[in-house]
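**Q** Please work out how this folds:
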Amino acid sequence: MAKPSHLERTSADPREPNIHSVVFLPGQWLDVFAPGVSKTGGFTLTSTPREESGDEGHLELAIQKSENNPPAAWFWRDEGNVVGQRVIIRVGGGFVWPPPGVDADKIRRIVFVAGGVGINPLISILSHLHQESVLPEHVQFLYSTRQTSSSQSSILFYDRLRKIFGHSAKPDHQLTLFQTSAMSNRGNGPVVSEVQEQGMRQATENMFLKNVRMSDEDMEVALGPVNHRGEVLAYVCGPPVMTDWAVANLRAAEGMKSEQVLCEKWW
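**A** Purely as a prediction, here's the structure:
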């Protein structure tokens with residue numbers, strides 16, 4: 001499970017340790033230099049630029065627990081050994097909003113495709129667009145995840161996704177969760193019945209659960225009508241095999257162009 005960690009804002013340049021803001025775009029990552037750790041940590045920002053601003057601003061990272069990754073292990077130490085420590089950070093990455101080389105004003109549909117912890121940069125982009133009230137009319141979020149318990153706590157950022165999609169007044173703002181575990185083989189259906197049965201909180205008709213793998217057909221439906229695909233932008237992030245498959249499908253779909261599909265792999 002990933003651990004959300006909040007960083008005190010500091011400078012990317014060790015010669016300027018008291019800088020009061022960090023400029024970044026939704027979807028970017030941080031190089032993190034933790035004290036006493038020789039290896040640089042690379043972690044995706046899951047917060048938004050708005051959450052960084054002001055006196056109480058913060059940067060949030062979702063860090064997978066790993067004893068073999070020294071920077072990650074540093075953050076997973078007891079809280080008393082982490083809070084108050086100063087780290088040096090450097091912002092990077094081009095998998096962002098607004099999309100490079102694309103006129104964002106012409107985008108009428110966004111398709112997010114996430115696999116596992118690949119949701120990290122996508123939750124930052126989605127949350128930013130929601131906070132700024134600039135989500136386009138059509139948003140399809142396809143999220144493949146392994147559920148490891150009967151609780152929503154095993155689904156990364158479930159509460160944030162539910163807040164956005166569960167309260168959306170737009171019928172074409174939809175979240176589809178693809179559960180690849182063997183917990184249930186009861187078929188497909190709205191989260192409002194399936195998820196409540198597993199102890200999750202209330203959902204709406206804008207949220208769906210499928211106990212199968214994501215398919216070519218799911219991609220085709222998410223892209224919408226062929227004659228409007230010039231207005232579509234897709235973000236894909238996840239494990240390499242899943243990402244390669246999704247990107248190939250999206251770019252090969254009728255009416256889509258290569259530059260309309262942005263991807264970031266988790267190696």
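**Q** Name the nearest residue to His173, sequence neighbours excluded.
**A** Excluding its sequence neighbours, the residue lying closest to His173 (Cβ to Cβ, 6 or more residues apart in numbering) is Val139, at 4.6 Å. (Glycine included, C-beta is placed from N, CA and C.)
**Q** swap in Asp31?
**A** In space, Asp31 is closest to Arg90, 4.1 Å off (Cβ to Cβ, 6+ apart).
**Q** Name the residues of the helix or strand hosting the one you found that come out as buried.
**A** Secondary structure assignment for Arg90, by DSSP states H and E: strand 88-92. Using 16 or more other Cβ atoms under 10 Å as the test for burial, strand 88-92 gives Ile88, Ile89.
**Q** Run through the neighbouring helices and strands of it.
**A** strand 29-33 (3 or more Cβ pairs under 8 Å, 6 or more residues apart in numbering; DSSP states H and E).
**Q** give me that answer again for 10 Å
**A** strand 29-33, strand 41-44, strand 59-64 (3 or more Cβ pairs under 10 Å, 6 or more residues apart in numbering; DSSP states H and E).
**Q** how about TSV for those, with mean neighbour count, distance to Gln85 and mean pLDDT added?
**A** Listed next are those as TSV, based on neighbours: other Cβ atoms under 10 Å; distance: least, Cβ to Cβ, whole Å; pLDDT from 0 to 100:
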stretch	mean neighbour count	distance to Gln85	mean pLDDT
strand 29-33	20	11	96
strand 41-44	22	13	95
strand 59-64	21	14	92
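**Q** so can I have JSON lines of the ones you listed showing distance to Ser21?
**A** JSON lines is the format used below for the helices and strands packed on strand 88-92 (distance: least, Cβ to Cβ, whole Å):
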{"stretch": "strand 29-33", "distance to Ser21": "14"}
{"stretch": "strand 41-44", "distance to Ser21": "19"}
{"stretch": "strand 59-64", "distance to Ser21": "10"}
